[in-house]
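S.K.: with the input below, show me the fold.
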Amino acid sequence: MATALLNGVNYSSVNITVIIPILGPVIGITKVEYMEEQTIDDNYSLAVNPTSRGFGQKKYTGSISIYKDVWNRIIDASPLKDPLSLPPFEVTIVFGGAATGGYRKETLHAVNFKSNPFSVSAGDTKVLLDIPLAIGGIDRV
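M.R.: The predicted structure is shown next:
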């Protein structure tokens, strides 16, 4: 007989908590994305194939999608009501819980909000803002 749920419970959006220090755990973020990239170049000599590989700088990018009313709470808690003037902070993303067999944490270091946008269209039933993030590093524990 086959075993049901062979891999158990996978991470899903209901198993993820985003913590921003100015607010604590945030309810109202609909999307989080971040990426770490490293420059990697093949080096050539007088041959057809690469003779070595060079590793360069790491770059980090990311963004959050957040409801306007939650973004307003960040604005209100910011110096001079300007979220772009906040000093660098950490964003913690917690994955899992008892259903997934435990917790995993990823921390975005030296984060700043890069813009304070607004957009709404006729017929929208919610106002979501995409906020790009400047990220200085990522730890995965």
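
S.K.: alpha carbons only for contacts and neighbour counts from here, please
M.R.: Will do.

S.K.: now the nearest residue to Ser85 once chain neighbours are set aside: how far from Ile29?
M.R.: Sequence neighbours aside, Pro79 is the residue nearest to Ser85 in space, at 6.7 Å (criterion: C-alpha to C-alpha, 6 or more residues apart in numbering). Computed with C-alpha to C-alpha, to the nearest Å, the distance linking Pro79 and Ile29 is 22 Å.

S.K.: ok, these two, which is more surrounded?
M.R.: In terms of neighbours (other C-alpha atoms under 10 Å), Ile29 is the more surrounded of Pro79 and Ile29; the figures are 18 against 13.

S.K.: who touches the more buried one in this structure?
M.R.: Val18, Ile64, Ser65, Ile66, Tyr67 (C-alpha atoms under 8 Å, 6 or more residues apart in numbering).

S.K.: what's the answer for Ala110, then?
M.R.: So Ala110 contacts Pro88, Phe89, Glu90, Ala134, Ile135, Gly136, Gly137 (C-alpha under 8 Å, 6+ apart).

S.K.: distance of Cys119 from Thr30?
M.R.: Just to correct that, residue 119 is Ser rather than Cys. Counting by C-alpha to C-alpha - Ser119 and Thr30 are separated by 16 Å.

S.K.: and Trp71, which of the three is it?
M.R.: helix (DSSP: H, G, I helix; E, B strand; the rest coil).

S.K.: how close does Gln38 sit to Lys31?
M.R.: 24 Å.

S.K.: cool, and Asp42?
M.R.: From Asp42 to Lys31 the distance is 35 Å (C-alpha to C-alpha).

S.K.: next one: Leu84
M.R.: Leu84 is 20 Å from Lys31, by C-alpha to C-alpha.

S.K.: got it, and Thr92?
M.R.: 14 Å.

S.K.: show me which of the two is the more surrounded one.
M.R.: Thr92 (20 against 13).

S.K.: wait, is that one part of a helix?
M.R.: No. Counting by three-state DSSP, Thr92 is not found in a helix; it is strand.
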